[in-house]
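S.K.: One predicted model, sequence on top.
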Amino acid sequence: MHIANPIDYTLAKAFFSEAEIKGQKLTTGNMDTNFWLHKEKINLDVVLNIAKRYTDSKIFIISEGPNKGFYIYSESKKVCVKLIEELPKFAPFQFV
């Protein structure tokens, strides 16, 4: 399960520029992107719900590195969110 975490828009744009220069940007429709999305278990329902909030929603995927992640942003609203994995509220119970 993923949740959306707000990211500073200006900082996110810097991440995006750096990822493009380093060749870490994944593009939609690419087989590597499909494998990455599957491996990361990106919840497309969450993506759609966030994207509906902005008329100019765009995605940016950074495949590796310290800023690795799935980002959704709006240039007109100067807003960016990153999908992060939701941590469990309680540690799993173990039988002994």
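M.R.: Thanks, I have the structure now.
S.K.: quick one, helices of this protein?
M.R.: For the chain, the helices defined by DSSP state H occupy 9-22, 31-40, 44-51.
S.K.: got JSON lines for those, with mean neighbour count and distance to Ser74 too?
M.R.: (Glycine included, C-beta is placed from N, CA and C.) Listed next are these as JSON lines, based on neighbours: other C-beta atoms under 10 Å; distance: least, C-beta to C-beta, whole Å:
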{"stretch": "helix 9-22", "mean neighbour count": "15", "distance to Ser74": "9"}
{"stretch": "helix 31-40", "mean neighbour count": "12", "distance to Ser74": "21"}
{"stretch": "helix 44-51", "mean neighbour count": "14", "distance to Ser74": "9"}
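S.K.: Of those helices, which is nearest Tyr73?
M.R.: The closest of the helices of the chain to Tyr73 is helix 9-22. By C-beta to C-beta, the value is 6.2 Å.
S.K.: which residues sit against that closest one?
M.R.: Outside helix 9-22, the residues within contact range by C-beta atoms under 8 Å, 6 or more residues apart in numbering are 24-25, 60, 62, 65, 67, 71, 73, 78-80, 82.
S.K.: Pull out the buried members of the residues you listed.
M.R.: Buried members of these, counted by 16 or more other C-beta atoms under 10 Å: 24-25, 60, 62, 67, 71, 73, 79-80, 82.
S.K.: In strands, which of these appear?
M.R.: Counted as lying in strands by DSSP state E, out of the buried ones among the contacts of helix 9-22, are 25, 60, 62, 71, 73, 79-80, 82.
S.K.: what's the farthest-apart pair in those?
M.R.: By the measure C-beta to C-beta, Lys25 and Val79 form the most distant pair in those, at 19.7 Å.
S.K.: give me the low-pLDDT residue ranges for this structure?
M.R.: Of all residues in the chain, those with pLDDT under 70 make up the ranges 1-2, 86-96.
S.K.: any idea which residue sits dead centre in it?
M.R.: With distances taken as C-alpha atoms, centre = their mean, Phe70 lies nearest the centre of the chain, 1.6 Å away.
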